[in-house]
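S.K.: Based on what follows, work out the 3D shape:
(one chain, ligands or ions: 1)
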Amino acid sequence: NKILVSGIRSTGELHLGNYYGAMMDLVNYQNEYDAYFFIADLHSLTTHPNNPDLRKNVLNVAGNYLAAGLDPDKCALYAQSSIAAEVSELAMYLGMMMPLGELLRCPTFKEKAKKHPDNVNYGLVGYPVLMAADILIHRGEFVPVGDDQMVHLEMARTIVRKFRQTYGLDLFPEPLGMTKNAVRIPSLTGNGKMSKSDAADTYISMTDPQDLIEKKVKKAFSDPERVYKHQPGHPTAEGCNIFHMHTYFTDEQTRAQLETQCLSAEIGCVQCKARLAESMKEIVNPFRERREKLTEQYILDVLTDGQKRAKESAQRTIAEVRKAVGIITV
Ligand code: TYM
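M.R.: As a prediction, this is how the structure comes out:
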């Protein structure tokens, strides 16, 4: 089987944007690939080195993966740190393949350095190298991630080619990103993308109860050019933030109906928003119910089993890499 690897950092809570954009599809992949999914807790240290909630956050992300429908019998689910020995050793060797200039020019690095100029550390610069190690430790070929991660995958491919040239060994495939046609769920304010670093009423959290979802959507930004209810609206992704979200969350038939009713001013924004809240609840409710049933002990058991499987694969790779590099075995 083809090998697939993906990770999510252990920061903050899951919102509808992350879930719909990155997590929901993983469930399908576990049937078709040898899949490794992990919680990138080491990566989260690059921006939050002192985090008293680290353990809690790892368990939370693991629980989210499971509530999304990952089946621990079909994939390996583990914490990145639980194979830290192998991953960080591989990152050490791969670091020698990566030109520093390229890391410093990386747009995600520049963005983070600009946002937190007081915390530009060595680990942050090496973020893409560690990410390459996460993938290559299992000799992964496919990497489902959002659009923003594609630049890191390009670097992983550079590293693979450099490794091959340096050691004359074709150990790693060049990993390919798989993004879902560039989904970018907008913020409820209509300003930029839905983001967990913004205020809580600008995004729908995957743990929001029904009435809160209704309340948030009711207040959301809609069509700025529709001032009166009897005016026709502008039901396009560009013309109306609510309609934009319908394109992701509401089925085509209902959407066509809403479009007609909006154009003829048969319905106002209030009804259209209520329908959007329904669509969102259809995704959030079953997730929240599954999430609430998971106990901490169960999640820990899954991670322990996942670690075992990830470690076997990681140790096989590390043994080959050491041989190629010429590391002494004593
Ligand atoms: P992270 O935790 O920042 O993001 C997790 C996933 O969510 C996607 N994403 C989005 N997609 C659509 N719309 C949005 N508004 C949105 N916000 C975030 C991200 O693209 C990502 O797929 N570097 C990775 C973690 C990682 C990793 C890896 C991934 C570490 N090692 C190895 C794959 C393979 C990250 O920052 O994820």
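
S.K.: for the helix or strand hosting Asn18, which positions count as buried?
M.R.: Assigned by DSSP states H and E, Asn18 belongs to helix 16-18. By 16 or more other C-beta atoms under 10 Å, the buried positions in helix 16-18 come out as 16-18. Placement of C-beta: from N, CA and C, glycine included.

S.K.: any idea which of these is closest to the ligand?
M.R.: Within the buried residues of helix 16-18, proximity to the ligand (C-beta to the nearest ligand atom) peaks at Gly17, which comes in at 3.7 Å.

S.K.: Would you confirm that the closest one contacts Gly192?
M.R.: No: judged on C-beta atoms under 8 Å, Gly17 makes no contact with Gly192 at a distance of 10.7 Å.

S.K.: What about the ligand: which of the buried residues of helix 16-18 touch it?
M.R.: By C-beta under 6 Å from any ligand atom, the members of those lying near the ligand are 17-18.

S.K.: Now pLDDT too, for the buried residues of helix 16-18, in CSV please.
M.R.: As requested, the buried residues of helix 16-18 are exported to CSV (pLDDT from 0 to 100):
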residue, pLDDT
Leu16, 94
Gly17, 90
Asn18, 86
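
S.K.: give me the residue from the stretch 51-200 of the chain nearest the ligand.
M.R.: Taking C-beta to the nearest ligand atom, the stretch 51-200 of the chain has Gly146 as its residue nearest the ligand, at 2.2 Å.

S.K.: Spit out the residues that contact Gly17 and Gly192 alike.
M.R.: Common neighbours of Gly17 and Gly192, counting by C-beta atoms under 8 Å, 6 or more residues apart in numbering, are absent.

S.K.: need the residues of the stretch 101-250 of the chain near the ligand, please.
M.R.: So far as C-beta under 6 Å from any ligand atom goes, the stretch 101-250 of the chain lies against the ligand at 131, 134-135, 143, 145-146, 148-149, 183-185, 193-194.

S.K.: circling back: number of residues surrounding the residue of the stretch 51-200 of the chain closest to the ligand?
M.R.: Gly146: 17 surrounding residues under other C-beta atoms under 10 Å.

S.K.: again, but for Lys193
M.R.: When neighbours are defined as other C-beta under 10 Å, Lys193 has 15 of them.

S.K.: Surely it and Arg184 touch.
M.R.: Yes: with contact defined as C-beta under 8 Å, Lys193 and Arg184 form a contacting pair (5.1 Å).

S.K.: Tell me which residues are up against stretch 304-322.
M.R.: Under the contact criterion C-beta under 8 Å, 6+ apart, stretch 304-322 has outside partners 36, 38, 72, 76-79, 82-83, 86-87, 89-90, 93, 136-139, 169, 171, 329.
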